[in-house]
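> pasted the sequence and its predicted model underneath.
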Amino acid sequence: MAFKELAFIATEIPSRRESVFKDLTKPTPILELIMTECRGLLNVVVTDLSPPPELSTGTVEAKCPSPIKDIKGFSPQKPSDENVLRTPRKQTIVDQWQATPGNMPTSPINLNALKTHMIKKETVESKIYSLLNPILQSQYGDILRLTIQRKTTSLLPNATMQIDALDAMVGFICASLTEDTYGMIQKDISGILEEFTKIASTLEAYMAKPPLHWTDIHAKRVMEQGSAAAKEALFPEAVVLLAAINGGLQKIGDVFTPYFDGIGLSVDVKRKIRRVCEAAKSTKL
């Protein structure tokens, strides 16, 4: 789907845009297809940038109940050791090898040797780092660095397309107030704004604590001591995408603010839209 063409129609061609609003001849209206495709492309940002969930170490596995306990009238009894009718079992060769409470085998793992090996491993890693650090600091170490710029580009390979999809959605939403006769978009505005807010929060969290690799010493230094502009230069795709999301929220807020109470927005969404609208006004001043 040509998202750039959709963005141009939604923002620059009112006649084509109005025809999209009124196209109800198909089982699934064209406008619904457009919004579904755009939302799907944008929501990928949350799944790609969110860190994997941490496994809880405090969870206790539930024990499976014994099916024998469910049998009515069953009462387990410990076998008596004084059963004189039972023929004693002959000891086999395997029994001689098996461990008994009084004859437990020693563990083949030497913990002291394992600790020594771990200490040696850490020593080797520190020596490798001290050896590579001067190379990484030099101009020749660029090919060895796993930079956050490359990682961000790999995580957001369709940033330009996602911005076009966002512009298309914002254009249709803003025009829906006067052109959406059948309410095709207005019923979904609340969910769309929730998704926009979640995407913005994900991008902000990613840029605040980026997943830096240990070889990316330049990015570490910038994140610790650099200016805001220098930090933004580390992940340009995330910066432009966040700016587009905030700009879209600001445009929708300018149009729909008087109707927010009837849409059913959450407090977080209202706060986010109010913040971006105030930032846009202060920038103009």
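Everything's here; your move.
> just confirm Pro29 contacts Asp23, I think it does.
Yes: under the criterion of Cβ atoms under 8 Å, Pro29 makes contact with Asp23 at 6.1 Å. For every residue, glycine as well, the C-beta is placed using N, CA and C.
> who has more neighbours, those two?
Between Pro29 and Asp23, counted using other Cβ atoms under 10 Å, the more crowded position is Pro29 (17 against 13).
> in the protein, which helix or strand is least confident?
When the helices and strands of the chain are compared on mean pLDDT, DSSP states H and E, helix 93-97 comes out lowest with a mean of 59.
> show me the shaky parts of the protein.
Counting by pLDDT under 70, the chain shows low-confidence ranges at 1, 53-145, 284-285.
> mind listing the helices for it?
Secondary structure of the chain, counting by DSSP state H: helices at 3-12, 14-22, 30-49, 93-97, 111-137, 148-155, 159-179, 189-208, 217-225, 228-232, 236-256, 260-263, 267-284.
> what's the first one packed up against?
Think helix 3-12. Other helices and strands packing on helix 3-12, by 3 or more Cβ pairs under 8 Å, 6 or more residues apart in numbering; DSSP states H and E, are helix 14-22, helix 30-49, helix 159-179.
> mind redoing it with 6 Å?
In this structure, helix 3-12 packs against helix 14-22, helix 159-179, with contacts taken as 3 or more Cβ pairs under 6 Å, 6 or more residues apart in numbering; DSSP states H and E.
> report the buried residues of the longest one.
Going back to what we said before, that points to helix 159-179. 159, 162-176, 179 (16 or more other Cβ atoms under 10 Å).
> same question for the first one.
Of the residues in helix 14-22, those scored as buried under the neighbour-count criterion (16+ other Cβ under 10 Å) are Arg17, Val20, Phe21.
> got a list of contacts for that helix?
Ile9, Ala10, Ile30, Leu31, Ala175, Glu179, Asp180 (Cβ atoms under 6 Å, 6 or more residues apart in numbering).
> now those in a markdown table, with distance to Lys198?
Listed next are those as a markdown table, based on distance: Cβ to Cβ, whole Å:
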| residue | distance to Lys198 |
| --- | --- |
| Ile9 | 27 |
| Ala10 | 22 |
| Ile30 | 26 |
| Leu31 | 23 |
| Ala175 | 24 |
| Glu179 | 27 |
| Asp180 | 24 |
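> tell me which of those residues is nearest to Ala228?
Nearest to Ala228 among the contacts of helix 14-22: Ala10, at 32.1 Å, using Cβ to Cβ.
> is the closest one in contact with Met169, as I believe?
No: in this structure, Ala10 is not within contact of Met169 by Cβ atoms under 6 Å, at 7.7 Å.
> re the thing from before, just the contacts of helix 14-22 now: which is nearest Gly247?
Relative to Gly247, the closest of these is Ala10; by Cβ to Cβ it sits at 14.3 Å.
> phi and psi next, for Ser50.
phi -70, psi 140 (degrees, to the nearest 10).
> name the nearest residue to it, ignoring sequence neighbours.
Using Cβ to Cβ, 6 or more residues apart in numbering and skipping residues adjacent in sequence, the residue nearest Ser50 is Thr202, 6.0 Å away.
> just Lys272 next, same as before
Using Cβ to Cβ, 6+ apart, the nearest residue to Lys272 is Thr197, at 4.9 Å.
> just to check, that neighbour is in contact with Lys270?
No: Thr197 lies out of contact with Lys270 (Cβ under 6 Å); the separation is 9.5 Å.
> got the contact list for Ile30?
By Cβ under 6 Å, 6+ apart, the contact set of Ile30 is Val20, Asp23.
> and with 10 Å instead?
Ser19, Val20, Phe21, Lys22, Asp23, Leu24, Met184 (Cβ atoms under 10 Å, 6 or more residues apart in numbering).
> alright, calling it a day.
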